[in-house]
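Undergrad: All I have is the shape, not the residue letters:
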Ligand code: SF4
């Protein structure tokens with residue numbers, strides 16, 4: 001791969017764009033927490049003079065990201081003092097939000113769940129001494145630049161640190177200070193060599209920074225090379241674009257991905273209000289191209305930390321044929337403590353969903369352990385007592401049941417069956433003898 005195939009960062013510089021978003025408009029309607037078709041957005045209030053042709057152009061959306069606090073103040077009421085505080089926060093943890101994602105915020109609600117994910121908070125600094133920069137110990141598992149090898153059969157590739165929206169709860173927040181990099185052609189060759197040499201690797205995950213910030217040409221160059229490695233069975237892409245910039249998931253991208261399947265895509269919806277018609281259409285395009293879509297959400301204080309919020313989110317996902325896969329305990333990342341919940345909150349949410357909705361709607365609640373310990377599922381305890389012969393279990397209604405625990409017994413000897421006349425006897429498995437085979 002040549003450097004010329006890399007994403008040109010200049011082409012996405014946003015703050016100096018000629019196409020800056022228009023100024024503040026009034027907002028009066030409350031946003032409903034309802035499925036896609038009923039969601040009101042501020043698009044026509046904030047961006048009413050932007051024609052659909054631009055609004056639906058993902059490069060326009062990317063170029064016109066809001067990255068400065070002064071810009072943000074045109075959309076969201078911020079006092080002079082708040083602006084000064086947030087400028088300090090943004091110096092350490094920058095701001096970036098697409099017009100699409102911004103249009104989902106109710107600017108009059110300081111507790112809006114989309115706002116809390118995208119707009120800096122002074123708590124990022126005041127609680128900033130808590131947590132660590134690299135809670136998952138990814139540096140220790142980085143074998144060559146951009147390649148993390150923790151589990152024997154899976155490899156994570158980080159091709160860039162650029163994202164469409166800088167999520168305030170991001171596990172890789174430490175990368176934001178590095179100013180936007182894309183792995184060079186030589187670095188990618190080194191990654192591919194590493195994968196080729198490790199025959200146990202059957203699953204390659206390309207994740208974030210967000211790989212869909214790269215051009216289709218650049219992505220194809222990497223994906224096609226991974227596909228040539230015989231022992232790689234599946235490729236997974238981790239991206240938040242279906243949520244924050246769904247216009248990126250266009251026919252051109254989908255037909256490219258369709259050529260290199262099996263490709264799975266993991267995305268990151270955290271709240272039902274993110275399931276917009278545009279997001280639903282993006283997921284549908286992926287599914288029609290043979291790319292299954294799973295969701296990995298993060299449990300976030302004041303955003304999705306109730307049974308009701310998670311149930312609405314997961315029901316909304318199933319309606320757009322996206323499987324709720326993981327619900328992550330928010331990692332212990334510096335600058336995110338204000339968004340973290342006690343582990344018990346996640347257990348209570350899963351308990352509140354189990355039995356009250358279909359199992360398909362219930363994600364696996366996991367903690368990604370520090371120092372590279374990997375993911376551990378955390379579940380409510382339904383086993384009251386457990387002996388060799390019996391389990392005593394409670395169900396979702398708190399009713400108690402006794403369940404006989406089958407013991408391992410020696411297999412019975414094969415039955416002796418009589419064969420046709422003159423042929424003697426023969427031994428057959430019991431099922432065959434009973435005519436069940
Ligand atoms: S898209 Fe993912 S990697 Fe990028 S800022 Fe959000 S959580 Fe972090």
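TA: Sure, I can see it. Remember, predicted model here, so these are calculated numbers, not experimental data. Numbers count the residues shown, from 1 in each chain.

Undergrad: Please name the nearest non-neighbouring residue to whatever residue of the stretch 251-400 of the chain ends up closest to the ligand.
TA: Per Cβ to the nearest ligand atom, residue 268 is where the stretch 251-400 of the chain lies closest to the ligand, at 6.2 Å. To be clear about C-beta, it is placed using only N, CA and C from the backbone, and glycine gets the same treatment. In space, and not counting its chain neighbours, residue 268 is closest to residue 240: 4.6 Å by Cβ to Cβ, 6 or more residues apart in numbering.

Undergrad: Can you give me the pLDDT of the one you found?
TA: The per-residue pLDDT reported for residue 240 equals 98.

Undergrad: Distance-wise, check it relative to the ligand.
TA: From residue 240 across to the ligand, the span is 4 Å (Cβ to the nearest ligand atom, to the nearest Å).

Undergrad: Just give the number of residues close to that residue.
TA: Neighbourhood size, residue 240 [other Cβ atoms under 10 Å]: 23.

Undergrad: what's the answer for residue 293, then?
TA: For residue 293, the count of nearby residues is 23 (other Cβ under 10 Å).

Undergrad: And for residue 60?
TA: 17.

Undergrad: nearest spatial neighbour of it, skipping sequence neighbours?
TA: Residue 60's closest residue in space is residue 54 (Cβ to Cβ, 6+ apart), at 4.6 Å.

Undergrad: Look up which helix or strand the one you found falls in, please.
TA: Here residue 54, judged by DSSP states H and E, is contained in helix 52-55.

Undergrad: Check residue 83 too.
TA: Assigned by DSSP H and E, residue 83 belongs to helix 80-92.

Undergrad: Quick check: buried residues in that helix?
TA: Neighbour counts over helix 80-92 (16 or more other Cβ atoms under 10 Å) mark 85, 86, 89, 90 as buried.

Undergrad: can you put those in CSV and add pLDDT and distance to residue 134?
TA: Formatted as CSV, the buried residues of helix 80-92 follow (pLDDT from 0 to 100; distance: Cβ to Cβ, whole Å):
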residue, pLDDT, distance to residue 134
85, 96, 26
86, 96, 25
89, 96, 20
90, 95, 21
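
Undergrad: Show the contacting residues for residue 314.
TA: By Cβ atoms under 8 Å, 6 or more residues apart in numbering, the contact list for residue 314 reads 324, 353, 357, 361, 362, 363.

Undergrad: swap the cut-off to 6 Å and go again
TA: By Cβ atoms under 6 Å, 6 or more residues apart in numbering, the contact set of residue 314 is 324, 361.

Undergrad: do you know how far it is from residue 74?
TA: Separation of residue 314 from residue 74 (Cβ to Cβ, to the nearest Å) stands at 35 Å.

Undergrad: and what of residue 330?
TA: On the measure of Cβ to Cβ, residue 330 and residue 74 end up 30 Å apart.

Undergrad: The nearest residue to residue 391 once chain neighbours are set aside and the ligand: what is the separation?
TA: The shortest distance from residue 391 to any non-neighbouring residue, by Cβ to Cβ, 6+ apart, is to residue 403 (4.6 Å). Look at residue 403 and the ligand: by Cβ to the nearest ligand atom, they are 41 Å apart.

Undergrad: So for the helix or strand hosting residue 403, what gets flagged as buried?
TA: Residue 403 is part of strand 400-404, with elements assigned from DSSP H and E. Residues of strand 400-404 classed as buried: none (neighbour count, 16+ other Cβ under 10 Å).

Undergrad: chain center to that strand: distance?
TA: Mean C-alpha position of strand 400-404 versus that of the full chain (Cα atoms, centre = their mean, to the nearest Å) differs by 37 Å.

Undergrad: Stretch 136-150 now?
TA: Taking Cα atoms, centre = their mean, one finds the center of stretch 136-150 at 19 Å from the center of the full chain.

Undergrad: got the buried residues for it?
TA: Of the residues in stretch 136-150, those buried by neighbour count under the rule 16+ other Cβ under 10 Å are 136, 137, 138, 141, 146, 147, 148, 149, 150.

Undergrad: Stretch 340-359 too?
TA: Using 16+ other Cβ under 10 Å as the test for burial, stretch 340-359 gives 340, 341, 345, 346, 347, 348, 349, 350, 351, 352, 353, 357.

Undergrad: likewise stretch 309-319?
TA: Quick answer for stretch 309-319 (16+ other Cβ under 10 Å): 309, 310, 311, 312, 313, 314, 315, 316, 317, 318.

Undergrad: Among these, which are located in helices?
TA: Counting by DSSP state H, the buried residues of stretch 309-319 place 309, 310, 311, 312, 313, 314, 315, 316, 317, 318 in helices.

Undergrad: got a list of what the fourth one touches?
TA: Contacts for residue 312 (Cβ under 6 Å, 6+ apart) come out as residue 272.

Undergrad: Repeat that for the second one.
TA: Contact partners of residue 310, counting by Cβ under 6 Å, 6+ apart, are 304, 349.

Undergrad: which bits of the stretch 151-300 of the chain sit near the ligand?
TA: Applying Cβ under 6 Å from any ligand atom, we find that the stretch 151-300 of the chain lies next to the ligand at 163, 166, 167, 170, 172, 208, 209, 210, 240.

Undergrad: Can you give me the distance of the last one to residue 297?
TA: In this structure, residue 240 and residue 297 are separated by 11 Å, where distance is defined by Cβ to Cβ.

Undergrad: right, quick check: the next helix or strand after the helix holding residue 54 against the ligand, any contact?
TA: As assigned by DSSP H and E, the chain's next helix or strand after helix 52-55 is helix 58-63. No - for helix 58-63, no contact with the ligand is found by Cβ under 6 Å from any ligand atom; the gap never falls below 13.0 Å.

Undergrad: Which positions within the helix or strand that comes right after helix 58-63 qualify as buried?
TA: Moving toward the C-terminus from helix 58-63, the next helix or strand (DSSP H and E) is helix 69-72. For helix 69-72, a neighbour-count test (16+ other Cβ under 10 Å) marks 69, 71, 72 as buried.

Undergrad: buried set for the helix holding residue 54?
TA: Neighbour counts over helix 52-55 (16+ other Cβ under 10 Å) mark 54, 55 as buried.

Undergrad: Tell me how far the nearest residue to residue 387 once chain neighbours are set aside lies from the ligand.
TA: Spatial nearest neighbour of residue 387, chain neighbours left out: residue 405 (7.5 Å); criterion: Cβ to Cβ, 6+ apart. Distance of residue 405 to the ligand, given as Cβ to the nearest ligand atom: 43 Å.

Undergrad: and what of residue 205?
TA: Counting by Cβ to the nearest ligand atom, the separation of residue 205 from the ligand is 13 Å.

Undergrad: Look up phi and psi at the residue nearest the centre of the chain.
TA: With distances taken as Cα atoms, centre = their mean, residue 268 lies nearest the centre of the chain, 3.1 Å away. Here is the backbone geometry of residue 268 (degrees, to the nearest 10): phi -150, psi 70.
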